[in-house]
Structures are given as structure tokens and as C-alpha cells.
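In: coordinates for the following, if possible.
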Amino acid sequence: MKVNLSRTQAKEKIDSFFEKENFTAEEVKKIKRLAMKFKIRLGDNKKLFCKNCLSKLKGRTRIGKVYRTISCGNCGYKNKFKMNQRK
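Out: Next comes the predicted model:
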């Protein structure tokens, strides 16, 4: 039986998911699909998992002038996040 969610229920489910400390790649995949279905932005939660293998992001962090690069501990992919620029 298919469960129908409203947009607000989906947002609550996504927020409660990212409050957890441990999650698997399959769970992240499901949450990403739910967010895409309802056009909900993940925002800063995107920085919590690897863009390539979707596992919890932990590894080597390097900080440049414009980007913060975190290499994934599982797959070695280099995730780049733009930093806020101060003037």
C-alpha cells in the first residue's frame, strides 16, 4: 500500500532524518528522492554526505581561498563546497 505524504510531512521527515548521527547510503538515497519529489532543498544537509557514494562524509579536509575540499574516507571522491566570501 502506497503512503501519500504532504509537502510539510515530507519536510518534517527529512529534517528528522538528518538529526540522526548514523545513516546508510540507501537511506540517504531515499531521502534525496523524497526531497526531489516535493522540490525541497536540502541546503546545509548536503554537506553531511558524499556526493559520489552517499555515505556519511568524514575524511581529510583541505581549506583553500574559495573552496573547502573534503575527500571521502570510503571512495576517495573530493567533495568541494564553496565558502562564504567576506569583503
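
In: helices of the protein, start to end?
Out: Assigned by DSSP state H, the helices in the chain fall at 7-19, 25-37.

In: mind checking which of the ones you listed is nearest residue 48?
Out: With Cβ to Cβ as the criterion, residue 48 lies closest to helix 7-19 of the helices of the chain, at 6.5 Å. In short, each C-beta sits where N, CA and C put it, glycine included.

In: packing partners for the closest one?
Out: helix 25-37 (3 or more Cβ pairs under 8 Å, 6 or more residues apart in numbering; DSSP states H and E).

In: now the helix it packs on against helix 7-19, angle please.
Out: Calculated by axes from the mean of the first three to the mean of the last three Cα atoms, to 10 degrees, helix 25-37 forms an angle of 150 degrees with helix 7-19.

In: next, residue 73: phi, psi?
Out: Main-chain torsions, residue 73, degrees, to the nearest 10: phi -70, psi -30.

In: one step back: mean pLDDT added to the helices of the chain, as a markdown table?
Out: Shown next, in a markdown table, are the helices of the chain (pLDDT from 0 to 100):
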| stretch | mean pLDDT |
| --- | --- |
| helix 7-19 | 96 |
| helix 25-37 | 96 |
